[in-house]
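Trainee: Using only what follows, build the 3D model:
(2 chains)
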Amino acid sequence: MPIQILQGTLDLMILRTLATMGPQHAYGIANRLQQVSDDALNLNQGTIYPALVRIEQRGWTRASWGKTENGREAKYYTITRAGLRALNEETERWRQMSGVVEKLLAEEP
Amino acid sequence: MVHLRKIVAKLRNLFGNKRAEEDLAREVASHLTLLVDDFERRGMSPEEARLAAQRAYGGVEQAKQAHRDERSLLWIEQTMQDLRYGLRTLSKSPGFTLTAALTLALGIGACTAIFSLVNAVLIRSLPYGDPSRLVYLYTPNPQFKLPVEMFGPAYADFYDLKRDSHSFQKMTAFGQSVFSLAAQGASERVSAARVDGDFFRTFQSAPELGREISPGDNQLGHEKVAVISHALWQSMFGSAADVLHRSLLLDGKNYQIVGVMPQGFEYPHSTDLAYGEPQYQTTQVWIPLALTPHELADRDNTSGNAVARLRPGVSIAEAQAEMAAIMTRLDKLHDPQMRGWGASVKNFVDSTVGHVRSLLWLLLCAVSIVLWIACGNAANLLLARAASRMRELGVRVALGAGRSRITRQLLTEALLIGVAAGAIGIGLAFAFLRLLPLLDPGNIPRLREASLDTRVLLFTVAVSLLTSVLTGILPALAVSRINLTDFLAATGSRSVAGAHTRLQSGLIVVESALVVVLLASAGLFLRSYINVESVNTGFSQSTVTLNIGLDPRYTHPQAVAFFRNLFARLQALPGVETVGAVNDLPLSNSEDLRMFAVDGYPNQISQLAEGRWVTPNYFRAMSIPLIAGRLFTADEKPESQSIIINQSFARKYFAGRNPIGGRVSRQDDHTRWSIVVGVIGDVRHNSLEEAAEPQIYHPDMEFGGGYIAVRSSLPAKPLAATIRTILHSLDPNLAAGNIQTMGDLESEASAPRRFQTSLLTVFAAIALFLALVGLYGLMAYSASRRTREVGIRMALGAQRSDVLMLVLKRAALLLALGLVTGLVASWFATRAIQAFLFGVGRHDPITILSVCALLAVSGLIAAIIPACRAASIDPMQALRTE
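Mentor: This is a model prediction of the structure:
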C-alpha cells in the first residue's frame, strides 16, 4: 500500500537525498525517493515541485541548468551550507519526533 | 490563509513573473524527457514510454499550479516577516525613525502642496466643453506696437469673420462692465459680461437652471434678460427655486433672470483677460451684448474680446491662415491712416495659464530639490544606521541569509519610513492649502481650487515610494557588498565603515551644492522683491482712494453736482487736507492710451501716451510733485486747453527745450493744440516694474465718476467708515467700490512677487535646514565612530583644540566642495529664473557672497557641536570603547 507523506517530511527527504547524492535534478530526486521506499512511496513525480520551490527559496538549495549523462538538459539542485545546517536540525527534530511516536506505539498492548 | 494565498497567487500571475514561469515549463519538460528516456531504456516503445512517463509524473498543470502557489506563499511569508522585523527594528530606535520620517515628510509635503497647485492650475481641465479647441481671436495692428491681446476684433470685422470663416464651429464676442447690482433689497458692485447669442454655445457650458442667452435675446428690445452665477444665486437669492421668476436691477435698469450657471462657470475671471476688468475676480452676471445696427457696422470699436471653438481637425495655424486672408480683405474697409489689421489665433488654455506655467514649474523644481535633499539626508541616516548594524547584518549573512534577502529587508525599512513620511507629508500639504488663500497673489487662475484630489494623492504615493527606494537603495547596496571574510577577520566593522563615510560625505557635498542653487535663486528673488518694494512710485502710499460709478438715474449735471457736494463734504472733514479725483487710478490696471503729435518734434504715427483726466486737487491729494510750471487751477477754462505732462514725456518729446508753453495735439487733428502748463513727477501707472510711460493729464472740471483720492492726517480705517456714512447719507442705493489706500493697491500690485519670493525663500530655508541637519548628523556620527582614534591621539599628546580642528576641517572641506559645486551649478541654473528678476543680474555678486557667508557660517555652527563633543572625550574612556 502506498504511504501518505507527512507534512514537511518531503523537504527533509529531498535535503537528505541532495546531501548524500550531490547535485540532482527533480527526476533524479523523485527516482531516488521511489527506490529508497521500495516503491512504497508511490507519489506522482510532479508533487515534489512545491517542496523544491520551498527549500530553494529558503536558501537551502541552489539551482542551475546542466546536462545529464545522456546529453539531456535538466535543472540541478545543489544543497547549500544553510541547507546542510537545516538538514541537521530537521533530522534531529525528526528523530526526536519519531522516537516519541515509536515509544507511544510500543506501549500498545 | 488559503484564500489569501490563492488571491495573491492569482495577482502574482497577473503580474507575469515570466522568468519563473518559463523556467518551470522548461524544468517540467526536461523531467518528462528524462522519464521517457528511462522507460524506453526498459524496453518500451516511444509511444508506451510517453504514456508511462505521463502516468508517473501526474498532472502537469497541477504540478505547475502547486509550484506557483508555493512560490507566492513564500513571498507573502517573507514580506510579512520583513514588515514585522522592520517595524520592530524601527520602533527600537524611535529617534532615528522620527528624524528620517520627518525629514522625508518635509520634502514630500512641500512637493505635494506645490503639485496640488500645479494640478489645479495646469492639469485639471477647465469647466468648458473640450477647452483644447477654444481659441482667442485678435486683429493686431503692428503700427501701434502694443501687445496682441489688446486688439479684440472690431464689431463689424467680427461679424464678417463669423460669416466668412470655415475654421470655427462657433464664435462669440463679449465685453465686460461693472454694474451696481440691486436685487432683493441689497446692492453691490459686480462684474458682468455682455455677451452675444453664441457665448454659452461656444464654451459648451449650459445653465443648471433655466436657459442661456440666445441670439434672440440679442435683438434690440429683447435684451433685458440676465443669466446669473451659482454664487450670486446663493448669496443674493438664497438659492431660491423660483429665481427664474425674479429680476434684478443693473445700474437701475430692470433685467429678467432667465438662467443660473453651474458652480465653477464664472468666465471671464480677472486672470483670463490680460486687458480685462481687473477689479473683480469673477463674473457674476451675463447680459446680452445687443448691438445697434450702427455698432454692427462699426470698424473702430470693439467689445474687447472674441473666443471661438475650432472645428474638429482644424489646427490653430490653419485657422489663423484663413482668418489672415479674410482680414487682408477687411483691412481695406478700415480708415486708410490706421490700416495694417492682421489676424492672430491663440490657444485659450495657454492664454489662461501660460503666464503662470513657468512660475509653477519653477516652484515644482524648487520643491523637488528640497525632496532630493530630504532623500539624501534620509539615505545618510540609513547608511549611518546600517554601519552601526553591520555586526548584526554581517552575522545574518554569515548564517546564510541571501544578500537579496538583506537588501530586501533594508528596502522594506526604507519603505516603512517612506509611508509614514508620506502620511505626515499629506498633513503638511493640507495645512499649506489652508494657508494658500492668504498668499493669493491674484494672478494665478483657480489657485483657490487647489485641493488634495485623487490625482494629487496618487502623486504623493508615487513620490513616497520613489523616495523610499532612493533612500533605501544606497544603504542596501552598501550592505550587500559586505565582504564576509573581511568582516569576519576584522573584529568590528571598520573596513566597511570607511567606504560608508565616503558615500555619506559625497551625499553631504551634493546636498550643500543643491542648497546653494536654491539659496542663490531665493536670494535673487529677495533682491528683486526689495527692488520692487523700493521703487519710487511717484505717489503717496497713505492717500485713501475709492471708486464711485453713478448709475443712469443721474443725468450728467446731477452727477457733477453730486460729486461737487461729495468733495465739499469730504473736504470739510477734520483732518482731511485735499480731495482730488481721476478717471483711472495708478495701478488700477485701467489705461487710456492715445496717439498724439508734438509741435516741433519729428512725430511718428505710433507714438502713444497715457491720458488721464484729473481734478485740480488730484496731484496734491496723491502727493505727486510739481517739477516745473503750475498745476491746474480751480478756475481752469476748458477752452484754454491746458495739459500737464510728466517728466518722461518732457524728457522724450521736449529734449533740450522748455516744455512749458509747448504744444501737443491729437494725432488725427492738428488744428486744436493743447498747451503744456506744467510738468509733474513720473508715476508708475501700469505696474511697479515698468518705468513710467509718457503721460498727459487733462483738467476735469466736471468730474462725473471715477476714482476719488483723499489725503488726510486720519488713519485709513476710520476715514473709510466716515466716507461710507457720508455716501450713504447722499444716496442710500449707492454701492461704493473698495475703499483702500494707495499702499494697499501697491501691495496688491506686488502680491505676485511676494507670493513667488516667499515660497521660494521658505523652500530654500527648509533645504538649508535639512542640509545642516544632515551635516550635523554626519559630523556627530563620524566623530562617534572615531572615538577610539581620538582617544589614541589624545593619549599621544594631541590637544583638545587639535581634535576640534580635526572635525571642523572635515566639515569645512565638505562645505567648501559643496559651495564650489553649487556656485558652478547656479551660474548656469539661474538662467531659468532670469525672467523673474527685477533690477538685479543673475550673477549678482552680493547675492553670491551672502549665500557663501550664510552656508559657511551656518554649516560651521552645525559642525561645531559634534566637534566640541569629540574634543571633550576622556581619552581613557575612549580607549575602552569597543
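
Trainee: Can you report how many residues neighbour residue 43?
Mentor: Since you didn't name a chain, this refers to chain A. Under the neighbour criterion other Cβ atoms under 10 Å in any protein chain shown, residue A:43 is assigned a count of 18. The way it works is simple: take the backbone N, C-alpha and C, and place the C-beta from them, glycine included.

Trainee: ah, no, chain B please
Mentor: In terms of burial, residue B:43 registers 8 neighbours under the definition other Cβ under 10 Å.

Trainee: so who does the nearest residue to residue B:33 once chain neighbours are set aside touch?
Mentor: If the residues on either side of it in the chain are set aside, residue B:33 comes closest to residue A:72, at 5.5 Å by Cβ to Cβ, 6 or more residues apart in numbering or on different chains. Residue A:72 makes contact with B:30, B:33, B:34, B:37, according to Cβ atoms under 8 Å, 6 or more residues apart in numbering or on different chains.

Trainee: With neighbour count and pLDDT as new columns, can the residues you listed be given to me in JSON lines?
Mentor: Putting these into JSON lines (neighbours: other Cβ atoms under 10 Å in any protein chain shown; pLDDT from 0 to 100) gives the following:
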{"residue": "B:30", "neighbour count": "19", "pLDDT": "87"}
{"residue": "B:33", "neighbour count": "17", "pLDDT": "88"}
{"residue": "B:34", "neighbour count": "23", "pLDDT": "87"}
{"residue": "B:37", "neighbour count": "15", "pLDDT": "88"}
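
Trainee: In those, find the pair that's most separated.
Mentor: For those, with distances taken as Cβ to Cβ, the pair at the greatest spread is B:30 and B:37 (10.5 Å).

Trainee: Identify those among the contacts of residue A:72 that sit within helices.
Mentor: Using DSSP state H, B:30, B:33, B:34, B:37 are the members of these that sit in helices.

Trainee: Which one of those residues is nearest to residue B:739?
Mentor: Comparing these against residue B:739 with Cβ to Cβ places residue B:30 closest, at 90.1 Å.

Trainee: Which residue, neighbours along the chain excluded, lies closest to the closest one?
Mentor: With Cβ to Cβ, 6+ apart, the residue lying closest to residue B:30 is residue A:74, at 4.7 Å.

Trainee: that's a strand at the one you found, yeah?
Mentor: Yes - under DSSP: H, G, I helix; E, B strand; the rest coil, residue A:74 sits within a strand.

Trainee: Spatially central residue for chain A, please.
Mentor: residue A:14 (1.6 Å; Cα atoms, centre = their mean).

Trainee: what's downstream of the worst-scoring helix or strand of chain A on mean pLDDT, the next helix or strand?
Mentor: Ranked by mean pLDDT, DSSP states H and E, the weakest helix or strand in chain A is helix A:49-57, scoring a mean of 83. Following the chain from helix A:49-57 toward its C-terminal end, the next helix or strand by DSSP states H and E is strand A:61-67.

Trainee: which of the residues in that next one are buried?
Mentor: A:61, A:63 (16 or more other Cβ atoms under 10 Å in any protein chain shown).

Trainee: Touching that strand from outside, list them.
Mentor: Contacts to strand A:61-67, defined as Cβ under 8 Å, 6+ apart, come from residues A:15, A:18, A:23, A:52, A:55-56, A:73-80, A:83, B:26.

Trainee: The same query, at a cut-off of 6 Å, please.
Mentor: Residues lying outside strand A:61-67 but in contact with it, judged by Cβ atoms under 6 Å, 6 or more residues apart in numbering or on different chains, are A:55, A:56, A:73, A:75, A:76, A:77, A:78, A:79, A:80, A:83.

Trainee: the inter-axis angle of that strand versus helix A:49-57?
Mentor: Here strand A:61-67 runs at 110 degrees with respect to helix A:49-57, directions being taken by axes from the mean of the first three to the mean of the last three Cα atoms, to 10 degrees.

Trainee: Show me what the mean pLDDT comes to for strand A:61-67.
Mentor: What strand A:61-67 shows for mean pLDDT is 88.

Trainee: Given it, what are its sheet partners and their directions?
Mentor: strand A:73-79 (antiparallel) (DSSP bridges).

Trainee: Next, the buried residues of the partner strand.
Mentor: Applying 16+ other Cβ under 10 Å to strand A:73-79 flags A:73, A:74, A:75, A:76, A:77, A:79 as buried.

Trainee: How about stretch B:540-557?
Mentor: Under the neighbour-count criterion of 16+ other Cβ under 10 Å, stretch B:540-557 has B:540, B:542, B:543, B:544, B:545, B:546, B:547, B:548, B:549, B:550, B:551, B:554 buried.

Trainee: Please tell me how far the fourth one sits from residue A:20.
Mentor: I take that to be residue B:544. For residue B:544, the distance to residue A:20 under the criterion Cβ to Cβ, to the nearest Å works out to 101 Å.

Trainee: repeat for the last one
Mentor: For residue B:554, the distance to residue A:20 (Cβ to Cβ) stands at 112 Å.

Trainee: for the second one, same thing?
Mentor: When Cβ to Cβ is applied, the distance between residue B:542 and residue A:20 equals 100 Å.

Trainee: Flag every buried residue along the helix or strand where residue B:819 lies.
Mentor: Here residue B:819 is covered by helix B:800-829, with elements defined by DSSP H and E. Within helix B:800-829, the residues that qualify as buried are B:803-804, B:806-808, B:810-812, B:814-819, B:821-823, B:826, B:829, counting by 16+ other Cβ under 10 Å.

Trainee: Return stretch B:267-274 as CSV; C-alpha atoms alone will do.
Mentor: The C-alpha trace of stretch B:267-274 is given here as CSV (Å, rounded to 0.1, in the frame of the first residue of the first chain):
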residue,chain,number,x,y,z
TYR,B,267,-15.9,83.2,-17.0
PRO,B,268,-14.3,85.7,-17.7
HIS,B,269,-12.1,85.7,-14.5
SER,B,270,-9.8,88.6,-13.9
THR,B,271,-6.9,86.3,-14.7
ASP,B,272,-8.4,85.2,-18.1
LEU,B,273,-8.1,88.5,-19.9
ALA,B,274,-4.8,90.3,-19.9
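
Trainee: Name the SS class of residue B:309, please.
Mentor: Under the three-state scheme (three-state DSSP), residue B:309 adopts strand.

Trainee: burial count for it?
Mentor: Burial of residue B:309 is recorded as 24 neighbouring residues (other Cβ under 10 Å).

Trainee: thought it was touching residue B:133?
Mentor: Yes - taking contact to mean Cβ atoms under 6 Å, the distance of 5.4 Å between residue B:309 and residue B:133 places them in contact.

Trainee: which phi and psi does residue B:634 have?
Mentor: Main-chain torsions, residue B:634, degrees, to the nearest 10: phi -70, psi -20.

Trainee: And for it, the neighbour number?
Mentor: Other residues within reach of residue B:634, judged by other Cβ under 10 Å, total 9.

Trainee: can you pull the pLDDT of it?
Mentor: According to the model's per-residue confidence, residue B:634 sits at a pLDDT of 86.

Trainee: try the one 10 residues further on
Mentor: Per-residue confidence at residue B:644 stands at 94 (pLDDT).

Trainee: For residue B:264, which three-state class applies?
Mentor: Per three-state DSSP, residue B:264 ends up coil.

Trainee: can you tell me how far the residue nearest to it when sequence neighbours are not counted sits from residue B:119?
Mentor: Here the nearest residue to residue B:264 in space, its sequence neighbours aside, is residue B:127; by Cβ to Cβ, 6+ apart that works out to 4.2 Å. Computed as Cβ to Cβ, the residue B:127 to residue B:119 distance reads 15 Å.
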